[in-house]
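A.B. asks: please work out how this folds:
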Amino acid sequence: MSDSRRFLPSVDKILLRLQSFESSEAIPHCRMVETTRAVLDEYRAPLRGKDAPSLDEVAQQVWEMLQQEARQKLHKVVNATGIVLHTGLGRAVLPREAMVAVADLDGCCNVQLDLETGQRGRRDAAIEELLKTLTGAEAATVVNNNAGATLLVLAALCRHREVVVSRGQLIEIGGSFRLPDVIRESGAKMIEVGTTNKTHLRDYASAITDQTAVLLHVNPSNYRIVGFAQQVSTADLVSLKETYPDLLVVDDLGCGALINLEQYGLPHEATVQESLKAGADVALFSGDKLIGGAQSGIIVGSKKCIDLIRKHPLARALRVGKFTIAALEATLRLFLDPTTLLDRNPTLRMLTISLERLQERASQLAKRLAPLLSATVVKGFALCGGGALPTVALDTFLVAIHKEGMSADELARKLRMGEPCVVTRVESDQVLIDTRTLLDGEDELVETAVRNLGTTR
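C.D. replies: Model prediction:
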């Protein structure tokens, strides 16, 4: 019997055929060669005794693999999920000013150079001055994320000593990040007090020994204990310093907030300013959640504590690079002008946009999509996400779409895999496009993605 593997097209012929595909010049030659060989290997194993595929068939399969690989690269997507801080989609949308600041760093920059003296400087110097102005802190620094900030603060301030924390605040957040694990890795000894639902000031007081270094207050960002429950405030923890003046109170705010969200009809989220005013020695929080900046962990507090934190070896391991610094600095500057903050900060704009504006936008989007498929406006709920405001359901308006002959799951998949990429949500066998998380101009991208459905595999 003739071995049909001899009739497989050669690598050279397949590569030549691939040149006829649109945008093939954007794919590196080495990737084309490697993928072509991989596809041919897949054909060779089971091919003996069967007809060999044509040149066009092999080339098409190579191209599809190359396209699938390209889709896995980091690229822009349209967030139509209604989750403002979607972890899978990069959490906070950076303000335009932050994007410009990053783009301006197309050459060298003074990330760690004092231009006046010509000597080595601190990369967080500009951010520290902004945070001191915004929060009233004596000093500040920044690391790669708030989990890193927690680890660094505890390692620097209470390694080999005790940190007292309420059982009701021993959080676990996404990715199985558990506070007890971080405390253990910091070298501190965790002393649990109280119960899951109730902890009293006397619980902390009775746990204090000559080995106690820190009283830790943790904001349960992604959950709330309600009903027969009680936790001790940061201010009450600080009151224990009258008896134990060497104790440090550390307030892990989690998401963190620099403005009072109650003025926009949202629940109260403890602000950094409130924490420091209550007397916390150190407060730490995320830069990429309610602040709406780049992923980072911000640490503010007394100069004595911040100096110790900066000198710890972990500070270098967890430090941020120039792009994070540029984006975070530009975002923080927006908070200096409260009158324009909501318009210029996408995260805060999404959280506070009026229901009337959302309804109007949903109606306009439904009209644009109606000639292409079934599109109707429905009312629903959006979420803040990212562990922030966990009990809040944000009223919103959505566009429910349906395409004849296509299930909701398949329609959602095609929109995710298409160009532009649109990430929706599926509920009750409907594909929903939430207007709360659409940025300016993305209505057009949604329309284009729907028009291109026929070309998406």
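
A.B. asks: which stretches of the stretch 351-457 of the chain aren't confidently modelled?
C.D. replies: By pLDDT under 70, the weakly predicted segments of the stretch 351-457 of the chain are 455-457.

A.B. asks: again, only this time at 90
C.D. replies: Counting by pLDDT under 90, the stretch 351-457 of the chain has low-confidence residues at 385-392, 417-419, 428, 453-457.

A.B. asks: what about the strands in it?
C.D. replies: 374-382, 394-402, 422-423, 425-427, 430-434 (DSSP state E, counting those that start in this stretch).

A.B. asks: out of the ones you listed, which is closest to residue 70?
C.D. replies: Ranking the strands of the stretch 351-457 of the chain by proximity to residue 70 (Cβ to Cβ) places strand 422-423 first, at 17.1 Å. (C-beta placed from N, C-alpha, C; glycine too.)

A.B. asks: how does the protein divide up, domain by domain?
C.D. replies: Domains of the chain are assigned by automatic domain parsing as 8-71, 78-90+349-455, 96-341.

A.B. asks: ok now the second one, how far from the chain's centre?
C.D. replies: From the chain centre to the centre of domain 78-90+349-455 is a distance of 19 Å (Cα atoms, centre = their mean, to the nearest Å).

A.B. asks: which of the strands of the stretch 351-457 of the chain is buried the deepest?
C.D. replies: A comparison of the strands of the stretch 351-457 of the chain by mean neighbour count, using mean count of other Cβ atoms under 10 Å, puts strand 430-434 on top with a mean of 25.

A.B. asks: angle of it against strand 374-382?
C.D. replies: Strand 430-434 runs at 60 degrees relative to strand 374-382, counting by axes from the mean of the first three to the mean of the last three Cα atoms, to 10 degrees.

A.B. asks: how much does strand 430-434 deviate in direction from strand 394-402?
C.D. replies: Using the same axes, to 10 degrees: strand 430-434 against strand 394-402 is 130 degrees.

A.B. asks: parallel or antiparallel, which strands does strand 430-434 pair with?
C.D. replies: strand 394-402 (antiparallel), strand 425-427 (antiparallel) (DSSP bridges).

A.B. asks: and those as a markdown table, adding distance to residue 450?
C.D. replies: A markdown table is the format used below for those (distance: least, Cβ to Cβ, whole Å):
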| stretch | distance to residue 450 |
| --- | --- |
| strand 394-402 | 7 |
| strand 425-427 | 16 |
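
A.B. asks: right, and those strands - which one's nearest residue 276?
C.D. replies: Using Cβ to Cβ, those put strand 394-402 closest to residue 276, at 28.8 Å.

A.B. asks: could you dump that closest one to CSV, C-alpha only?
C.D. replies: This file holds the C-alpha atoms of strand 394-402, laid out as CSV (Å, rounded to 0.1, in the frame of the first residue of the first chain):
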residue,chain,number,x,y,z
LEU,A,394,-25.8,49.1,40.5
ASP,A,395,-29.0,49.8,38.5
THR,A,396,-28.2,49.7,34.7
PHE,A,397,-29.6,49.4,31.3
LEU,A,398,-28.5,46.7,28.9
VAL,A,399,-29.1,45.6,25.3
ALA,A,400,-30.2,42.0,25.0
ILE,A,401,-29.2,40.5,21.6
HIS,A,402,-30.2,37.3,19.8
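
A.B. asks: secondary structure element for residue 118?
C.D. replies: Using DSSP states H and E, residue 118 falls within no helix or strand.

A.B. asks: gap between it and residue 124?
C.D. replies: Residue 118 sits 19 Å away from residue 124, going by Cβ to Cβ, to the nearest Å.

A.B. asks: returning to what we had before: which of the strands of the stretch 351-457 of the chain sits closest to residue 67?
C.D. replies: strand 422-423 (17.2 Å).

A.B. asks: how many residues are close by residue 152?
C.D. replies: By other Cβ atoms under 10 Å, the residues close to residue 152 number 26.

A.B. asks: that's a strand at it, yeah?
C.D. replies: No: Residue 152 is assigned helix when assessed by DSSP: H, G, I helix; E, B strand; the rest coil, not a strand.

A.B. asks: that one reaches residue 313, doesn't it?
C.D. replies: No: contact criterion Cβ atoms under 8 Å: residue 152 and residue 313 do not qualify, at 9.7 Å.

A.B. asks: work out for me the element residue 109 sits within.
C.D. replies: Using DSSP H and E, residue 109 falls outside every helix and strand.

A.B. asks: that one - nearest residue in space that isn't next to it in sequence?
C.D. replies: In this structure, residue 109 finds its nearest non-sequential neighbour in residue 322, 5.7 Å apart by Cβ to Cβ, 6 or more residues apart in numbering.

A.B. asks: now residue 443
C.D. replies: Closest to residue 443 by Cβ to Cβ, 6+ apart is residue 365, at 5.1 Å.

A.B. asks: how much space between residue 304 and residue 245?
C.D. replies: With Cβ to Cβ as the criterion, residue 304 and residue 245 are 13 Å apart.

A.B. asks: show the contacting residues for residue 349.
C.D. replies: 342-343 (Cβ atoms under 8 Å, 6 or more residues apart in numbering).

A.B. asks: ok, back up a step: so the residue nearest to residue 109 sits right up against residue 105, yeah?
C.D. replies: Yes: between residue 322 and residue 105 there is a contact at 5.9 Å, judged by Cβ under 8 Å.

A.B. asks: tell me the phi and psi of residue 72?
C.D. replies: phi -80, psi -10 (degrees, to the nearest 10).

A.B. asks: circling back to that earlier point, possible to save the strands of the stretch 351-457 of the chain as TSV with distance to residue 33?
C.D. replies: What follows is these, written out as TSV (distance: least, Cβ to Cβ, whole Å):
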stretch	distance to residue 33
strand 374-382	44
strand 394-402	41
strand 422-423	33
strand 425-427	39
strand 430-434	39
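
A.B. asks: out of the ones you listed, nearest to residue 91?
C.D. replies: Short answer: strand 422-423, nearest of the strands of the stretch 351-457 of the chain by Cβ to Cβ, at 13.8 Å.

A.B. asks: which elements pack onto the closest one?
C.D. replies: strand 78-79, helix 408-417, helix 442-451 (3 or more Cβ pairs under 8 Å, 6 or more residues apart in numbering; DSSP states H and E).

A.B. asks: what strands line up against it, and which way round?
C.D. replies: strand 78-79 (parallel).

A.B. asks: could you pull out the buried residues of the helix or strand just after the strand it pairs with?
C.D. replies: Downstream of strand 78-79, the next assigned helix or strand under DSSP H and E is helix 96-103. Residues 97-98, 101-102 are the ones in helix 96-103 that count as buried (16 or more other Cβ atoms under 10 Å).

A.B. asks: give me the neighbour count for the nearest residue to residue 381 once chain neighbours are set aside.
C.D. replies: Using Cβ to Cβ, 6+ apart and skipping residues adjacent in sequence, the residue nearest residue 381 is residue 393, 4.1 Å away. Using other Cβ under 10 Å, residue 393 has 11 other residues around it.

A.B. asks: the lowest-mean-pLDDT helix or strand in the chain pairs with which strands, parallel or anti?
C.D. replies: Every helix and strand of the chain was ranked by mean pLDDT, DSSP states H and E. The lowest is strand 172-173, at a mean of 78. Strand 172-173 pairs in its sheet with strand 177-178 (antiparallel), by DSSP bridges.
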